[in-house]
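> Give me coordinates for this.
(chains A and B)
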Amino acid sequence: KAGVTQTPRYLIKTRGQQVTLSCSPISGHRSVSWYQQTPGQGLQFLFEYFSETQRNKGNFPGRFSGRQFSNSRSEMNVSTLELGDSALYLCASSQGFRETQYFGPGTRLLVL
Amino acid sequence: AQSVTQLDSQVPVFEEAPVELRCNYSSSVSVYLFWYVQYPNQGLQLLLKYLSGSTLVKGINGFEAEFNKSQTSFHLRKPSVHISDTAEYFCAVSDPGDSNYQLIWGAGTKLIIKP
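Alright, predicted model coming up:
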């Protein structure tokens, strides 16, 4: 089976812009979670989607949003980018709620 | 609330020597435990997991971990490391009974292999 894929792998944006990141889960997986990884804060949970519904949300401002499509693919959007949003954004998929998560390679976002 | 402590931010070790990466969690309620590895410029890869059953769990790449409920620990071990094991290792815990189930992550331990 193909693993979790994320596009794009690298992205450079300027402050104030918005960005959309995409994640395709492992075939058959219905749950997708998003994480932000930075050197200072480590891995922080953003949100989880299951069957197109947001099940869980971390402690991030409303500028961070996401959605999941009927084929389980997910997107996350960050509006009004700030310098502090520079990070590696990781997507993980699992078969269902409380199942083991498998990660994609991440999208590295640099905000200038 | 559950928390995870990885006691060492970096562990230097000589090639072919044994290594132990430590992980402690805060709550002794029923838990799922995971170790993930992140190679440079890559995502996270699952090394091993404990859900139930035998407390000694074997994973990929020769790693194993032991669940110790009384000490709330889940330390990762490898008897002989290779240069290719250079990576950052993350311990994660979840509570299967939590309605807001999510993984709680440690800060990570960088394994540095000295030739």
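
> Identify the bridge partners of the residue nearest the centre of chain A.
Nearest to the mean C-alpha position of chain A, counting by CA atoms, centre = their mean, stands residue A:34 at 3.4 Å. Taking DSSP bridges as the rule, residue A:34 bridges to residue A:47, residue A:91.

> pretty sure it contacts residue A:93?
No. Under the criterion of CB atoms under 8 Å, residue A:34 is not in contact with residue A:93, lying 10.6 Å apart. For glycine as for every other residue, the C-beta is placed from the backbone atoms N, C-alpha and C.

> Next, show the common contact partners of these two.
Both residue A:34 and residue A:93 are in contact with residue A:23, where contact means CB atoms under 8 Å, 6 or more residues apart in numbering or on different chains.

> ok, how many other residues are close to residue 21?
Chain wasn't specified; assuming chain A. 20 (other CB atoms under 10 Å in any protein chain shown).

> let's do chain B instead
25.

> Now do the strands for chain A: every range, in order, please.
A:5-7, A:10-13, A:19-24, A:31-38, A:42-50, A:53-57, A:64-68, A:74-78, A:87-94, A:102-103, A:107-111 (DSSP state E).

> Tell me the buried residues in stretch B:22-39?
Going by neighbour count (16 or more other CB atoms under 10 Å in any protein chain shown), the buried part of stretch B:22-39 is B:22, B:23, B:24, B:25, B:31, B:32, B:33, B:34, B:35, B:36, B:37, B:38.

> Tell me the one among these nearest to residue A:106.
Residue A:106 has its nearest neighbour among the buried residues of stretch B:22-39 in residue B:38, at 9.2 Å by CB to CB.

> and the buried residues of stretch B:22-39 near chain A, which?
For chain A, the contacts drawn from the buried residues of stretch B:22-39 by CB under 8 Å from any CB of the partner chain are B:32, B:34, B:36.

> May I see those residues organised as a markdown table, with secondary structure and pLDDT added?
Listed next are those as a markdown table, based on DSSP: H, G, I helix; E, B strand; the rest coil; pLDDT from 0 to 100:
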| residue | secondary structure | pLDDT |
| --- | --- | --- |
| B:32 | strand | 92 |
| B:34 | strand | 95 |
| B:36 | strand | 97 |
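
> Tell me which helix or strand in chain B has the weakest average pLDDT.
Every helix and strand in chain B was compared by mean pLDDT, DSSP states H and E; the lowest is strand B:104-105, with a mean of 92.
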